[in-house]
Structures are given as structure tokens and as C-alpha cells.
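Asker: model this:
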Amino acid sequence: MLETTELQIAAKRSLWGHFSRLSVQQRTEIPIITRGEGAWIYDQHGKRYLDGLSGLFVVQVGHGRPELAEAMAKQSNSLAYFPLWTFGHEPAIELADRLAKLAPGDLNRVFFTTGGSEAVESAWKLAVQYFRAIGQPGRHKVISRNLAYHGTTMGALAITGLPSIKNVFDPILPPAIKAATPYQYRCRDCAHLDRCTLRCADDIEDRILMEGPESVAAVFLEPMQNAGGGFVPPPGYFERAREICDQYGVLLISDEVICAFGRLGEWFGSQRYDYQPDMITFAKGVTSGYAPLGGVIVSDRIAGPFLENDDTSFMHGLTFGGHPVACAVALANLDLFDKLDVLENVRTNMATFDAALAPLNDLPIVGEIRGDGFFRAIELTPDKSTKALFDDAEGKRLLAGLVSPRMWELGLYCRADDRGEPVITLAPPLICGPEEFDFIGNVLHTVLTEASASLRG
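Answerer: Alright, predicted model coming up:
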């Protein structure tokens, strides 16, 4: 085992972190997380931090759960690996059956991947092949929303709507068509009103008609959109989106890599907002991060052509998709959800979360706090009365120079996100309660009070 100083040297020499500034890490100490317990993580110096982002929207039942580690060890001892390429194994079969029973409506088939980006690409490929199988080969285009994040592999990146992480890889083919985000705080149509006009939903129809309905395969929508800052769908949004997709024969794919498995107080975000998708993509919370796993839950209608024709196979597969150890830990994770009554904890305490953050509304730098379940975003503004925007230099100084390091110093890990307007994103483990929320609220009140004073000074 390397000592702390040796770990720093090795990390600077050999480790390339994800979305990390490699040059900056050569000049600063890299935080090294050594262990986790419940809602807390510990660094190489033994300092404790509240995990206010569940790792990365992942660790639903908290860190250090022996039940999940034991499930992994037990499965490894019996069958550590075998592919699902024309074969099955017990953990994958049991998990697929259990997910099908939890999913809404006729979503009864599960195709496993190892993560969210692969799930999104799998859903897109399946949509395209489905339409070819039913004699509509022209349908291959995808519509997604501005600012939306759907993954970083090339296909998923094409569906993603964040220029800052896409442009460096252009041209990405085929690019997805972008529709409006339900962003009422800054909406040109309804920011001045007390309700949403659903122009953002109607924009989906406009994009379908502009491209030609016969060319559009699917619309990808998150139940609650993460990138850009926790956008909650207004009443009627998904009812209208479903209506539009049905009218033009387009598949509605609910990207629930973040929103599934309790984040919004239900097994799936589509259940929270009462809409029926044709497919659901999932990952992250299905194992609470104890092993990598993702997948697509598919409706009987989409599976139909593949059931009816012996010569039609879904031409897609992944070596580690549905890994037996990952499936075993997912089953144990779902058992733990039931044992701890995790969904009820979220439903009961989401109002407590709101109450802990409410005092932040009095700070001049806080424009809006929005979200649902155990998922919140705090949008920052230099002028609350006008909803003014930060320029790029100001936003970078605010988040990277002030907010992020100060939150870390005070023992809070979460995300200061500049992929849209500056926001602080919170998604703590689903086992949290009043004590953790009070800690989050107190830290943020200190940090944002200081940031506001610094900007004014």
C-alpha cells in the first residue's frame, strides 16, 4: 500500500482523471478519497465530507454497505463472468424479470449494458433497427433538448446538447436535433407568467415537422433534466410530449440514468411525472455504484418484430453488458431499497430538503432553487432583480475560484456546474434526512454569503 505522498506522486505521474484539467493537477494536491460510510466520504488526511452528489448521482443507499459487498463476493465465487450473447445466467435473468415488474406499462424486456452512455446508444440503435424491421427505414434521426447531457461516447455525445463537451470532437454524425428545454426561469415565452405555456413541449413537434416525421425515430427526454441546472417538467409537459410522439409515430425514450431508482421518490422518473415511455435507459443507481451496470427497458411493441422473425436479431452487444457480479449486486441493492424503505424516505424528506435550502433564497446571489425528490439545483446570478447573467470570466471565477474550493474546505462535496448558467447541483444519497440537509444548507449559506460579498467587493 502506497503512503499518502507516494500516492500523490503516482497520481500526478500516471492517473488521467475524467473531465479533469491535467495541467492544473500537476500543481495542486489531488483529493484522494480513501473510504465511505453512509452519506460521508473521507480523504487521504482523514477529513470527512458529506457526499452531496451521491458520488455522481449513483450511491443511492450510501457507502460501505456490507450486504452489497457480500453479494458481489458470493457471485464471484460461483460465476464471475459469462456473456449474454445467446446465453443467459441467473443474476441477469432474475434482475431483468424484477426490473420488468417495476417498470411502467408494457416495458417488459431488458437489454443490459455497463453504463449510461452505452444505454443511450443502445436505445438509439434499437429504435433505428426497429423502424427498419417494420418497413420504415428512413427513420433514424433523434430529437433531444438543448443543454441536455446523454453521455460521452460518440453516439450518446451526438444526442447530448452541451456545445462545450461536443465541439472539440466535431463533426459528430449524425447530430441530434435540438428542442427547447423547460427552463421557465429564463424562458422568453413564460418567465414573466405564473405558469408554463408548454411552448417548450410544442417545440418538439416543430422539430419533427422541420425534419420530416418520416425521418425521425425517437425523442430522448430526461424526466428531470440535469445539465443546465435541474429542470423540472411543468404540468402537462410530458402529456403533450407523449401526444406529439404518438401523432407522428416517433418513439419516446425516457433517459433515466440519473432519475431512476428513487432519485425522485419513485422507481422511475416517468412514474413520478405520470407518462409512459417506449423505452427507459438506466444505469448509476441500479447498483448504487457498487458495480458498473446499465441498460434499456423496452416495450413489448418494440420487441415485437424481433420476436416474430427468426432472421431478425438486434445487431448490438457488449462484452460486459449484464455482468453476473453487477447483476447480483443490483438485486441485493433492490432488496436493500425495500428493507430500508428508501422510496418512502425520499418522499417523506423531500420537503425537509426544501426547508433546509429555503434560507438561501434571501441571498442576493441566488436566482432560483429548483428540483424534486433528492435532486436540487441552485442557479446563481449577479443581479437577482434582473436575472442578469455572468460572463464567462465571472462565472469561472465564481465557481472554480470561490464556490467549489470553499465548499470542499467546509466539508461538502457536490457539483458547481458551468455547463449552462452557474448552478450548484445537489443529489445526496437517498438515506439522508434532516441532519444531512441542515449540514448542506448551513455550508451553502456560508459559501454563497461569502461569494456574494466577494462579487460586490
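Asker: If Trp40 is in a bridge, with which residues?
Answerer: Taking DSSP bridges, one obtains Glu37, Leu50 as the residues bridged to Trp40.
Asker: List the contacts of Tyr42.
Answerer: With contacts defined as Cβ atoms under 8 Å, 6 or more residues apart in numbering, the neighbours of Tyr42 are 33-36, 48-49. C-beta coordinates here come from the backbone N, C-alpha and C atoms, glycine included.
Asker: for Glu6, same thing?
Answerer: Going by Cβ under 8 Å, 6+ apart, the list of residues near Glu6 is empty.
Asker: Verify the assumption that it is located in a helix.
Answerer: Yes: using DSSP: H, G, I helix; E, B strand; the rest coil, the secondary structure at Glu6 is a helix.
Asker: Distance-wise, check it relative to Ala96.
Answerer: Applying Cβ to Cβ, to the nearest Å, the value for Glu6 to Ala96 is 44 Å.
Asker: what residue lies at the spatial centre of this protein?
Answerer: When Cα atoms, centre = their mean is applied to the chain, the residue found nearest the centroid is Ile258 (2.8 Å).
Asker: secondary structure class for that residue?
Answerer: Once three-state DSSP is applied, Ile258 turns out coil.
Asker: and it, what is it in contact with?
Answerer: If you count contacts by Cβ under 8 Å, 6+ apart, then Ile258 has 57, 222, 224, 226, 284-285, 375, 427 around it.
Asker: Ok, Leu430 next?
Answerer: For Leu430, the residues meeting the contact criterion (Cβ under 8 Å, 6+ apart) are 54, 60-61, 262-263, 342, 345-346, 374.
Asker: Give me the neighbour count for Pro213.
Answerer: Around Pro213 there are 14 other residues, counting by other Cβ atoms under 10 Å.
Asker: Need the phi and psi values for it.
Answerer: Pro213 has phi and psi values of phi -50, psi -30 when expressed as degrees, to the nearest 10.
Asker: any idea how far the residue nearest to it when sequence neighbours are not counted lies from Trp124?
Answerer: Excluding its sequence neighbours, the residue lying closest to Pro213 (Cβ to Cβ, 6 or more residues apart in numbering) is Tyr248, at 4.1 Å. Taking Cβ to Cβ as the measure, Tyr248 falls 17 Å from Trp124.
Asker: repeat for Arg272
Answerer: The gap separating Arg272 from Trp124 is 24 Å, by Cβ to Cβ.
Asker: between these two, who's got more neighbours?
Answerer: Neighbours of Arg272 and Trp124, each counted by other Cβ under 10 Å, are more numerous for Trp124; the result is 27 against 21.
Asker: Gly155 is in contact with the more buried one, correct?
Answerer: Yes: the pair formed by Trp124 and Gly155 meets the contact definition of Cβ atoms under 8 Å, at 5.9 Å.
Asker: wait, doesn't Phe314 sit right on Phe111?
Answerer: Yes: A contact is recorded between Phe314 and Phe111 when judged using Cβ under 8 Å, the distance being 7.3 Å.
Asker: Which one's more surrounded, those two?
Answerer: Neighbour comparison, Phe314 and Phe111: the larger count goes to Phe111, with 24 against 16 (by other Cβ under 10 Å).
Asker: Just the element for that one, please.
Answerer: Phe111 is located in strand 107-113, with elements delineated by DSSP states H and E.
Asker: what pairs with that strand, and is each one parallel or antiparallel?
Answerer: strand 294-299 (antiparallel).
Asker: ok, back up a step: kindly indicate which of the contacts of Ile258 lies nearest Leu162.
Answerer: For Leu162, the nearest member of the contacts of Ile258 is Asn226. The distance, counting by Cβ to Cβ, is 10.6 Å.
Asker: which residues does that closest one contact?
Answerer: Under the contact definition (Cβ under 8 Å, 6+ apart), the residues listed for Asn226 are 57, 149, 258, 375, 425.
Asker: Pretty sure the second one sits in a helix.
Answerer: No: assignment of Tyr149 by three-state DSSP gives coil, placing it outside any helix.
Asker: Looking at the spatially closest residue to it that is not a sequence neighbour now. What's its pLDDT?
Answerer: Of all residues not flanking Tyr149 in the chain, Ala227 sits nearest, at 3.8 Å (Cβ to Cβ, 6+ apart). Looking at Ala227, its pLDDT stands at 90.
Asker: One more: Cys200?
Answerer: In the prediction, the pLDDT value recorded for Cys200 is 89.
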